[in-house]
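*Asks:* Give the three-dimensional model of this entry:
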Amino acid sequence: FFHQPVLLQPVCTSLQPNPTKRFLDATIGGGGHTRALLATGARVLGLDQDLDAIRHLETDVALQPALATQQLIIEKSNFIHAAEICRQHHFGPLDGVIADLGVSSYQFDEPSRGFSFRQDGPLDMRFDTTRGVPAAELVNTLDAEALADLFRRQVGLEDRLQDQHRGHLRHAISDRGNSQ
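*Replies:* Okay, the predicted model is just below:
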């Protein structure tokens with residue numbers, strides 16, 4: 001479980017971490033940004049809704065000293081709850097926030113997560129596998145109009161599709177049972 005942050009140096013240069021600073025890593029994932037911040041002595045509150053990521057970080061031997069001294073605090077949560085969690089931990093004021101948004105390479109590479117297009121696995125596609133329903137259940141139970149509405153509300157996909165492609169999407173969804 002590892003994610004190499006692409007913009008690590010520019011982020012660290014911009015944040016100028018040091019032992020007097022506190023940062024929120026809103027999507028801690030594999031901990032790449034957090035490790036760099038911790039190396040400077042900064043304190044980090046890391047959030048992630050992926051239980052696999054949390055378990056990996058909590059059992060990482062290299063992070064144990066930072067966890068033991070609360071230089072690093074990790075919470076399983078969506079970043080929408082960041083302000084509340086910061087208050088609960090009396091973690092503030094913040095000197096910066098990192099949010100590396102999107103799917104991690106681990107989530108694509110692990111077939112059981114259901115994000116991969118390269119490997120067979122269940123169609124799940126949830127960051128937090130303890131909440132909501134797997135994508136397979138939605139695709140197999142919702143009608144084409146309900147799925148199009150879901151895309152429009154949750155993903156914004158419907159709004160980005162050109163009119164001529166919307167019909168193709170609805171047709172493909174409607175025909176999904178015919179190809180199985």
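
*Asks:* Residue 122 reaches residue 134, doesn't it?
*Replies:* Yes. Under the criterion of Cβ atoms under 8 Å, residue 122 makes contact with residue 134 at 6.6 Å. Quick note: C-beta positions are derived from backbone N, CA and C, even for glycine.

*Asks:* out of those two, which sits in the more crowded spot?
*Replies:* Using other Cβ atoms under 10 Å as the criterion, residue 122 and residue 134 rank with residue 134 on top: 15 against 12.

*Asks:* Can you get me a residue count around the closest residue in space to residue 135 that isn't next to it in sequence?
*Replies:* Nearest residue to residue 135, sequence neighbours excluded (Cβ to Cβ, 6 or more residues apart in numbering): residue 125, at 4.2 Å. By other Cβ under 10 Å, the residues close to residue 125 number 18.

*Asks:* Check residue 139 too.
*Replies:* If we define neighbours as other Cβ under 10 Å, then residue 139 has 15 of them.

*Asks:* Name the helix or strand for it, please.
*Replies:* Taking DSSP states H and E as the definition, residue 139 sits inside helix 135-141.

*Asks:* List the buried residues of that helix.
*Replies:* residue 138 (16 or more other Cβ atoms under 10 Å).

*Asks:* Could you list every helix and strand in contact with it?
*Replies:* Applying 3 or more Cβ pairs under 8 Å, 6 or more residues apart in numbering; DSSP states H and E, one finds that helix 135-141 contacts helix 144-150.
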